[in-house]
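# Sequence unavailable; structure follows:
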């Protein structure tokens, strides 16, 4: 369980990042490529990126970033620029590097020769790490940057709507399924026990379309950063271009075409099988879309005999109504 302790001052300091962070997305991509989850879309992405060149570039990064995504903080400073971020990586203090390496090895990563050399400030090892990051970035992040940016923007648009409907407290509790408030402590499901005290520095929120794991919290020089999965995962993002059919459909721009179609069909309380048949998609894909919509609070699911039926929630109806009003 991840517990974030707020004060009144901290609540006033909750804000969203300006955009995706290149090195943070690189680390999340390395973690995702080691995970079995994420659905068929991410499975296809793993196969597409399984080239010898990408595997070679990832080899040193896999020694530092586990599938949990909780890698060393010195590896992904929250800089909006790749070159500036790499400069901050090179300037990480020996104390910070050793502390981060101790944390990740205590969590289960093996102590390799590269980790020892980085901890000893071996300059050849640091140059090797930088070359690997530069080689991996174009394939893992650069090529998907427009989609990552679109996922970030649409998630912020959705959170803004939720906050208008439910307030800051409701928006924060809805960042990740199973999250809840206990007094002034926000509890988010996580694999390890972690208490984060903001100490007046506020909280910076960072949605990532690249990441489908649990929330990740890290303390940087500017305060605490909370990374959570964006509403629409990377494989299902469609850029709002005329050819994609989403330019005149704000709901499809937010959710993706198929997921928007699923939401519209839930007005009639369909089963998963009917959704799959209507949209000509597989049952696992239909289930993945309904799970994402349910996690976002847009639909509910209830068992009816051997089948399950999906129903649009008031928040889902509100989104559909707002989209229809905009179209008119």
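It's in. Note that the coordinates shown come from a computational prediction; the quantities given were computed from them, not determined experimentally.
# Can you give me the domain boundaries for this protein?
If you go by automatic domain parsing, the domain ranges for the chain are 2-17+146-234, 22-144, 238-327.
# Quick one: end-to-end distance for the longest one.
Taking CA to CA, to the nearest Å, the span from the opening residue of domain 22-144 to its closing residue is 11 Å.
# Tabulate the domains of the chain (CSV), appending mean neighbour count and mean pLDDT.
Backbone N, C-alpha and C define where each C-beta goes, glycine included. Shown next, in CSV, are the domains of the chain (neighbours: other CB atoms under 10 Å; pLDDT from 0 to 100):
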stretch, mean neighbour count, mean pLDDT
domain 2-17+146-234, 18, 89
domain 22-144, 17, 92
domain 238-327, 17, 79
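# Need the nearest residue in space to residue 104, chain neighbours excluded.
residue 72 (5.8 Å; CB to CB, 6 or more residues apart in numbering).
# One more: residue 16?
Closest to residue 16 by CB to CB, 6+ apart is residue 205, at 4.9 Å.
# which residues touch that neighbour?
By CB atoms under 8 Å, 6 or more residues apart in numbering, the contact set of residue 205 is 14-17, 159, 175, 226, 228.
# need the longest helix for the protein.
Looking across the chain with DSSP state H, the single longest helix is helix 145-173.
# quick one: residue 287 and residue 281 touch, right?
No: in this structure, residue 287 is not within contact of residue 281 by CB atoms under 8 Å, at 10.0 Å.
# just so I have it, where are all the strands in the stretch 201-328 of the chain?
203-208, 216-220, 223-229, 299-304, 307-312 (DSSP state E, counting those that start in this stretch).
# partner strands of the first one, parallel or antiparallel?
Each strand that strand 203-208 pairs with, and the sense of that pairing, follows from DSSP bridges: strand 14-16 (parallel), strand 223-229 (parallel).
# relative to strand 216-220, how tilted is the longest one?
For strand 223-229 against strand 216-220, the angle between stretch directions is 160 degrees (axes from the mean of the first three to the mean of the last three CA atoms, to 10 degrees).
# Need the contact partners of strand 223-229.
Under CB under 8 Å, 6+ apart, the answer for strand 223-229 is 4, 13, 17, 24, 28, 69, 78, 175-176, 196, 198, 201-209, 211-213, 215-219.
# how does it look with 7 Å?
78, 175-176, 196, 198, 201-208, 211-212, 215-218 (CB atoms under 7 Å, 6 or more residues apart in numbering).
# Same check on stretch 157-168?
The contact list for stretch 157-168 (CB under 7 Å, 6+ apart) reads 11, 14, 170-171, 174, 231, 254, 315.
# how about 8 Å then?
Counting by CB under 8 Å, 6+ apart, 11, 14, 16, 170-171, 174-175, 205, 207, 231, 254, 296-297, 315, 318-319, 322 sit against stretch 157-168.
# sorry, back to before: give me the next element, helix or strand, following the longest helix of the chain.
Downstream of helix 145-173, the first helix or strand assigned by DSSP states H and E is strand 180-182.
# how much space between the closest residue in space to residue 282 that isn't next to it in sequence and residue 290?
Take residue 282 and drop its neighbours on the chain: the residue closest to it by CB to CB, 6+ apart is residue 276, 6.3 Å away. Going from residue 276 to residue 290 by CB to CB, to the nearest Å gives 10 Å.
# got it, and residue 32?
For residue 32, the distance to residue 290 - CB to CB - is 22 Å.
# And for residue 18?
32 Å.
# can you tell me the helix or strand for the closest residue to residue 33 other than its chain neighbours?
Nearest residue to residue 33, sequence neighbours excluded (CB to CB, 6+ apart): residue 46, at 5.6 Å. Per DSSP H and E, residue 46 falls inside helix 39-48.
# Check which helices and strands the helix or strand just after that helix is in contact with.
As assigned by DSSP H and E, the chain's next helix or strand after helix 39-48 is helix 52-62. If you count contacts as 3 or more CB pairs under 8 Å, 6 or more residues apart in numbering; DSSP states H and E, helix 52-62 packs onto helix 22-32, helix 123-140.
# mind redoing it with 10 Å?
Contacts defined by 3 or more CB pairs under 10 Å, 6 or more residues apart in numbering; DSSP states H and E place helix 52-62 against helix 22-32, helix 113-119, helix 123-140.
# As CSV, those with distance to residue 82 would be great.
Below are the helices and strands packed on helix 52-62 laid out as CSV (distance: least, CB to CB, whole Å):
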stretch, distance to residue 82
helix 22-32, 4
helix 113-119, 20
helix 123-140, 7
